[in-house]
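**Q** Here's a sequence, model it:
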Amino acid sequence: MTDDVLARAPDAATPGRRPPAAIQWLALLALSILIGGALELVGMPAAMLLGPMIAAILLAVRGTSIAVSPVPYSAAQAAIGCLVAAAITPQILSTFLLDWPLYVGVVLAVIAASSVLGGLMSRWHVLPGTTAVWGTSPGAATAMVVMADAFGADARLVGFMQYLRVILVAIAAALMARFWISDDAPAATAQVAVWFPTLVWEHFGPTLAFVGLGVLVGRFLAIPAGPLLVPMAIGVALNLAGYVEFQLPEWFLVLGYGVLGWKIGLGFDRAVLAHAWHALPRIVGSILILMTFCAGLAALLHVGLGIDPVTAYLATSPGGMDSIAIIAASTRVDLPFVMALQTVRFVIVLVAGPPIARFVARRFGVRD
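**A** I've put the predicted structure just below:
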C-alpha cells in the first residue's frame, strides 16, 4: 500500500522554466549557511548537517534540476569514515576490554529493541520496505543513512527518522545533564571548536589520502557503502596501531556534512515529504519507546552497578555518537565510559546493520 502510494504520487513541482544550475547551487549554498548557522546558534546537534538537508528539501519540493554527483558524495562518506576512525582511540579500547561483557550486553539489548520496533513499523506499513529497520538503528545516524541507501532502503525516510531521533535524544540528554548532576561529579571543561586551525600536514595529509581512497572505492569497487566502510576500517586499524593520526578541521567536516545533507535532501519530493508527515506520530512514538527502553537500561546500570545516572543515560542513549560526545564532554560525567559504550554500539550496528535488516525483513515479511 505504502509503496503504491509513493509510486503514484506526483513528484515535486515542475515549473516551466527553472533558473540555471549555477543559480540553483548558489541558492542552495546560501540557504544552507543561513539555516545551519541559525541551528548552530541555538545549539542544535548536527546543525551543519541538518541545515543543508533542510535547505535541500525546501528546494527539492519546489522543483530543482541539480543533484549531488558520485565523486563528492564518495568523498563526504570517506570524511565521515575518517571521523569515526579518529574517534576509536586506544583509551576507548582499553575501557571496553575492562568490562566488555557489560558493554556488549547493553548494546545487544538496545539493538534487539530497535530491530523489533523497526520490524513492526515495516510490517504495519508505517514506512516502506526495510526503511523502518534502518531508521530505528540506534546511533550512527549518518552512517546508517549511507548504508541504507547502498542496501536498497529509502535513504530519505531513513534520514528523516535518524535525525529526528538525534534531535529528541540530544534534547533529553542535555536536559538531564543540566538538571541531574551529582554534586561530587568531576568538573567538566568546555571545548570550543576551532574552525580554521593550523594544518599539520603530517596528520591532514593522511586524512586527504583516505578521502581519495574513498573516491576510488566508490568509482571502481561495487562495495555497498564502500567509500565509508573501507577508509574507516583501514583508518581504525592504523589509528589503534599508532601509525596514523587524523586531523579533521571543522571547516573540512562541514563540507562533508553539507554534501551528505544535500544528497539526502535533494532526493525528497512532495510525495515523500507528505508520507513522512503522515507517519510522524508513529515515528515519534517509536523514538520515545526506544528512548524509554534505554532509560530503563540506564536505571539498571545506576541501581545495580552504582554508575552515575547521567553517565548511564548518556552512555545508553540511542542518539548520534557525535552529539552525545559533545554533551558528555561539557558535562560532569565519566566520559570514557560514555564514549566506550557509544563506540561499541556504533561499531556493532555498522558491521551487523545489513544482516540485521535482512533478518528482520525475513522475520516480519517485509521487503524493499
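**Q** ok, now how distant is the closest residue to Pro52 other than its chain neighbours from Gly37?
**A** Distances taken as Cβ to Cβ, 6 or more residues apart in numbering place Gly261 nearest to Pro52, at 3.2 Å, with adjacent residues excluded. Bear in mind the C-beta positions are built from the backbone N, C-alpha and C, glycine included. Going from Gly261 to Gly37 by Cβ to Cβ, to the nearest Å gives 14 Å.
**Q** sorry, back to before: now the host helix or strand of the residue nearest to Pro52: buried residues?
**A** In this structure, Gly261 is located in helix 250-265 according to DSSP states H and E. Within helix 250-265, the residues that qualify as buried by neighbour count (16 or more other Cβ atoms under 10 Å) are 252-265.
**Q** other SSEs contacting the helix or strand encompassing Met176?
**A** Assigned by DSSP H and E, Met176 falls within helix 155-179. With contacts taken as 3 or more Cβ pairs under 8 Å, 6 or more residues apart in numbering; DSSP states H and E, helix 155-179 sits against helix 47-62, helix 131-135, helix 141-150, helix 250-265, helix 270-305, helix 309-316, helix 321-329.
**Q** most neighbours per residue, which of those?
**A** helix 131-135 (a mean of 31; mean count of other Cβ atoms under 10 Å).
**Q** avg pLDDT for that one?
**A** Model confidence over helix 131-135, given as mean pLDDT, is 81.
**Q** How about stretch 353-362?
**A** Taken as a whole, stretch 353-362 has a mean pLDDT of 74.
**Q** Next up, the contacts around the residue nearest to Pro52.
**A** 32, 48-56 (Cβ atoms under 8 Å, 6 or more residues apart in numbering).
**Q** if we go to 10 Å?
**A** Applying Cβ atoms under 10 Å, 6 or more residues apart in numbering, one finds that Gly261 lies in contact with 32, 35-36, 46, 48-57, 68, 76, 142, 145, 159, 163.
**Q** Next: Ala315.
**A** When contacts are taken as Cβ under 10 Å, 6+ apart, Ala315 is in contact with 103, 106, 294, 297-298, 301, 307-308, 324, 328, 333-334, 337-342, 344-345.
**Q** at 7 Å what do you get?
**A** The contact partners of Ala315, taken as Cβ atoms under 7 Å, 6 or more residues apart in numbering, are 337-338, 341-342.
**Q** Pull the most distant pair out of those residues.
**A** Phe337 and Gln342 (9.6 Å; Cβ to Cβ).
**Q** Which of the two has more residues huddled nearby?
**A** Ranked by neighbour count (other Cβ atoms under 10 Å), Phe337 and Gln342 place Gln342 first, with 29 against 24.
**Q** The more buried one is in what secondary structure piece?
**A** With DSSP H and E as the criterion, Gln342 is inside helix 335-364.
**Q** so how far is that helix off the chain centroid?
**A** With Cα atoms, centre = their mean, to the nearest Å as the basis, the distance from the averaged C-alpha position of helix 335-364 to the chain average is 12 Å.
**Q** Thank you kindly, that will do.
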